[in-house]
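**Q** Sequence first, then the predicted structure, then my questions.
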Amino acid sequence: MEKQQLPNATLILVMGILSIIGCCCYGLPGLIFGVVAVVLAGKATKLYKEAPENYSGFGNVNAGKIMGIIGIVLSVLMVIYLIWIISYFGWETLQNQELMQKRVEEMMGQQ
């Protein structure tokens, strides 16, 4: 019997890649893509373990799951960094370029 491709194996790989790229977009897209990749990878892994002789493409699933986890971690770190930036400088400062420049100069002068 011919082996068939695991369902969503390529999608999981693409979602894992997008999760790493998406962490640079304020973290939220990376978090979404990463969670989708990990959830779909869990379902595909369960299906593969039931009958491994029937399916191929498990490497794509593993790679997508690993990249999804990395994307989730990077996205969470990005969200934490953005929250710190907003709490440190304030929302008004981030919207006003002159005030932001003054705050950065003050910060550099303290060092």
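**A** Great, that's in hand. Numbers count the residues shown, from 1 in each chain.

**Q** can you give me the helices in this protein?
**A** Chain-ordered helices for the chain, with DSSP state H as the definition, fall at 9-22, 28-50, 58-89, 91-95, 97-110.

**Q** show me where pLDDT drops low in the protein?
**A** Low-confidence segments of the chain, defined by pLDDT under 70, span residues 1, 111.

**Q** tell me the contacts of the residue nearest the centre of it?
**A** Central residue check for the chain by C-alpha atoms, centre = their mean: the C-alpha nearest the mean position is that of G71, 2.6 Å away. Counting by C-beta atoms under 8 Å, 6 or more residues apart in numbering, G71 makes contact with 16, 18-20, 22-23, 30-31, 33-34, 37. C-beta here means a position set from N, CA and C on the backbone, and glycine is covered the same way.

**Q** let's see it at 6 Å
**A** Counting by C-beta atoms under 6 Å, 6 or more residues apart in numbering, G71 makes contact with 19-20, 23, 30, 34.
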